[in-house]
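K.L.:
structure of the sequence below:
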Amino acid sequence: MTQQNPAPTTRSLGTTMTVAAWLLVLGVLTVYFSGFLDGQDNPNQLVSGAVVSHGVREIKLKQNHRGHYVATGATEVSVPQELAEYLGLRRGRPQTVWTANGSIVTYGSRLDEVRLGPIALRGVGAHINPHMDGKEVLLGMSFLKDLELVQRESELTIRQGPSLN
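P.N.:
Down below sits the predicted model:
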């Protein structure tokens, strides 16, 4: 007795199902590791704050895998141009700012309110940065200067006193 080879359609269907299964596995792994890597770049995406006694508000930020606090780091609050347009921010006068990559031109602006977890400040100086990609706002000293910052190990606690609400 000789064994018959499966029909070409059956072989083709089996190959298609195998390829589809591998593509599904690769897609699931891509989504999983993309989220994992985002969490390493910014472990503070789901930051929760606490209102402490006497109206003091605080938030704790964790360092990312490079030792940075993603929510901080400039003289003024820096808003990517795409996000500024989405929020309807007005572009002010052009100004030159110096970054780690050299000097760039940004546009002055003022933010009615800036929130970081439970912390909120009004009338914060900012600039609209056409050279920034993404939707993350870089918090600068125009926001942080009136807050208390305490770093212990790999965690930064930002506290707002009751007089700044």
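
K.L.:
give me the residues contacting stretch 91-107.
P.N.:
75-76, 78, 84, 108-110, 127-131 (CB atoms under 8 Å, 6 or more residues apart in numbering). C-beta: built from backbone N, CA, C; applies to glycine.

K.L.:
tell me which two in those are the farthest apart.
P.N.:
Spatially, the most separated pair among the contacts of stretch 91-107 is 110 and 131, at 20.1 Å (CB to CB).

K.L.:
follow-up on the earlier one: could you list which of the contacts of stretch 91-107 belong to helices?
P.N.:
residue 84 (DSSP state H).

K.L.:
so how do I select the buried members of the contacts of stretch 91-107 in PyMOL?
P.N.:
Selecting only the buried entries of those in PyMOL, with 16 or more other CB atoms under 10 Å as the criterion:
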select buried, resi 76+78+84+109+127+128+129
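
K.L.:
just the contacts of stretch 91-107: which are in strands?
P.N.:
Among the contacts of stretch 91-107, the residues falling in strands (DSSP state E) are 78, 108-110, 127-129.
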